[in-house]
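Asker: Predicted model, plus sequence, below.
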Amino acid sequence: MRHQTGDRRDLADTRSRCPGLDTVADLARGFAALVRHQGTGQHLDAWINRARNAGYPEIRGFAAGLTSDCDAVLAGLTPALELRPGRRPGHRIKTIKRQMYRRANLDLLRKRVLATP
(Lines give C-alpha, C1' and ligand atoms only; values in the text may rest on other atoms or scores of the structure.)
Protein backbone atom coordinates (compact mmCIF):
# COMPACT_ATOMS: atom_id res chain seq x y z
CA MET A 1 0.00 0.00 0.00
CA ARG A 2 2.90 2.30 0.68
CA HIS A 3 4.09 1.99 -2.93
CA GLN A 4 0.75 3.26 -4.29
CA THR A 5 0.88 6.23 -1.94
CA GLY A 6 4.35 7.09 -3.21
CA ASP A 7 3.15 6.82 -6.81
CA ARG A 8 0.25 9.15 -6.10
CA ARG A 9 2.56 11.61 -4.44
CA ASP A 10 4.95 11.49 -7.41
CA LEU A 11 2.07 11.98 -9.84
CA ALA A 12 0.75 14.95 -7.88
CA ASP A 13 4.27 16.43 -7.83
CA THR A 14 4.63 15.93 -11.59
CA ARG A 15 1.24 17.52 -12.25
CA SER A 16 2.15 20.55 -10.19
CA ARG A 17 5.39 21.01 -12.16
CA CYS A 18 3.81 20.41 -15.57
CA PRO A 19 0.30 21.91 -15.70
CA GLY A 20 -0.28 20.84 -19.31
CA LEU A 21 0.12 17.18 -18.45
CA ASP A 22 -3.55 16.83 -17.57
CA THR A 23 -4.55 18.27 -20.95
CA VAL A 24 -2.26 15.90 -22.85
CA ALA A 25 -3.43 12.90 -20.80
CA ASP A 26 -7.07 13.85 -21.36
CA LEU A 27 -6.53 14.11 -25.13
CA ALA A 28 -4.74 10.75 -25.19
CA ARG A 29 -7.56 9.08 -23.22
CA GLY A 30 -10.13 10.66 -25.52
CA PHE A 31 -8.41 9.40 -28.67
CA ALA A 32 -7.97 5.94 -27.16
CA ALA A 33 -11.70 5.86 -26.43
CA LEU A 34 -12.44 6.79 -30.07
CA VAL A 35 -10.32 3.90 -31.29
CA ARG A 36 -11.44 1.39 -28.67
CA HIS A 37 -15.18 1.89 -29.06
CA GLN A 38 -15.11 2.02 -32.87
CA GLY A 39 -18.21 4.12 -33.28
CA THR A 40 -19.11 5.99 -36.42
CA GLY A 41 -16.41 8.57 -35.89
CA GLN A 42 -18.99 11.15 -34.86
CA HIS A 43 -16.81 12.46 -32.02
CA LEU A 44 -13.67 12.70 -34.16
CA ASP A 45 -14.27 16.31 -35.24
CA ALA A 46 -14.72 17.41 -31.64
CA TRP A 47 -11.51 15.64 -30.63
CA ILE A 48 -9.59 17.23 -33.52
CA ASN A 49 -10.84 20.70 -32.53
CA ARG A 50 -9.74 20.14 -28.93
CA ALA A 51 -6.33 18.91 -30.13
CA ARG A 52 -5.86 21.94 -32.39
CA ASN A 53 -6.50 24.26 -29.46
CA ALA A 54 -4.31 22.35 -27.00
CA GLY A 55 -1.23 24.48 -27.64
CA TYR A 56 1.19 21.62 -28.26
CA PRO A 57 2.76 21.48 -31.75
CA GLU A 58 3.04 17.68 -31.72
CA ILE A 59 -0.64 17.23 -30.94
CA ARG A 60 -1.64 19.88 -33.47
CA GLY A 61 0.45 18.06 -36.09
CA PHE A 62 -1.22 14.76 -35.25
CA ALA A 63 -4.66 16.40 -35.56
CA ALA A 64 -3.66 17.92 -38.92
CA GLY A 65 -2.62 14.48 -40.14
CA LEU A 66 -5.97 13.04 -39.10
CA THR A 67 -7.76 15.86 -40.92
CA SER A 68 -5.76 15.42 -44.12
CA ASP A 69 -6.63 11.73 -44.33
CA CYS A 70 -10.09 11.93 -42.78
CA ASP A 71 -11.71 9.29 -45.03
CA ALA A 72 -9.18 6.64 -44.04
CA VAL A 73 -9.42 7.57 -40.36
CA LEU A 74 -13.21 7.32 -40.42
CA ALA A 75 -12.99 3.96 -42.19
CA GLY A 76 -10.66 2.75 -39.47
CA LEU A 77 -12.99 3.92 -36.71
CA THR A 78 -16.13 2.45 -38.28
CA PRO A 79 -16.72 -1.22 -37.53
CA ALA A 80 -16.42 -3.58 -40.48
CA LEU A 81 -19.52 -5.11 -42.01
CA GLU A 82 -20.48 -8.41 -40.46
CA LEU A 83 -19.70 -11.38 -42.65
CA ARG A 84 -21.66 -14.58 -42.68
CA PRO A 85 -20.07 -17.14 -40.39
CA GLY A 86 -17.66 -19.39 -42.22
CA ARG A 87 -17.55 -17.28 -45.37
CA ARG A 88 -14.73 -15.00 -46.35
CA PRO A 89 -14.54 -12.48 -49.15
CA GLY A 90 -13.28 -14.22 -52.27
CA HIS A 91 -14.05 -17.69 -50.94
CA ARG A 92 -16.10 -18.68 -54.00
CA ILE A 93 -13.39 -17.55 -56.41
CA LYS A 94 -10.72 -19.41 -54.46
CA THR A 95 -12.82 -22.59 -54.56
CA ILE A 96 -13.25 -22.38 -58.33
CA LYS A 97 -9.56 -21.60 -58.76
CA ARG A 98 -8.58 -24.67 -56.74
CA GLN A 99 -10.94 -26.87 -58.78
CA MET A 100 -9.34 -25.66 -62.00
CA TYR A 101 -5.72 -25.76 -60.83
CA ARG A 102 -3.40 -26.48 -63.79
CA ARG A 103 -6.38 -27.21 -66.02
CA ALA A 104 -7.15 -23.87 -67.59
CA ASN A 105 -5.81 -20.43 -68.25
CA LEU A 106 -6.98 -17.10 -66.84
CA ASP A 107 -9.56 -16.49 -69.61
CA LEU A 108 -11.44 -19.72 -68.82
CA LEU A 109 -11.25 -19.02 -65.09
CA ARG A 110 -12.73 -15.56 -65.66
CA LYS A 111 -15.63 -17.02 -67.70
CA ARG A 112 -16.33 -19.65 -65.05
CA VAL A 113 -16.29 -17.10 -62.21
CA LEU A 114 -18.68 -14.80 -64.07
CA ALA A 115 -21.01 -17.68 -65.03
CA THR A 116 -21.19 -19.23 -61.56
CA PRO A 117 -23.82 -17.75 -59.23
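Answerer: All right, it came through fine. Numbers count the residues shown, from 1 in each chain.

Asker: how close does the residue in the chain sticking out farthest from the centre sit to K97?
Answerer: The outermost residue of the chain relative to its centre, with distances by C-alpha atoms, centre = their mean, is R103 at 42.2 Å. Using C-beta to C-beta, to the nearest Å, we find R103 at a distance of 10 Å from K97. (C-beta placed from N, C-alpha, C; glycine too.)

Asker: Kindly report the same for L74.
Answerer: 34 Å.

Asker: Over to D10?
Answerer: 61 Å.

Asker: Can you pick out the residue with more neighbours from the two?
Answerer: Neighbour comparison, D10 and K97: the larger count goes to K97, with 14 against 10 (by other C-beta atoms under 10 Å).

Asker: Quick check: that one touching L109?
Answerer: Yes - counting by C-beta atoms under 8 Å, K97 does reach L109; the two are 6.4 Å apart.

Asker: Just the element for the nearest residue in space to F31 that is not next to it in sequence, please.
Answerer: The shortest distance from F31 to any residue other than its chain neighbours is 6.1 Å, reached at W47 (C-beta to C-beta, 6 or more residues apart in numbering). Here W47 sits within helix 44-52, counting by DSSP states H and E.

Asker: contacts for that helix?
Answerer: Helix 44-52 has contacts (C-beta atoms under 8 Å, 6 or more residues apart in numbering) with 27, 30-31, 34, 59-60, 62-64, 66-67, 70, 73-74, 77.
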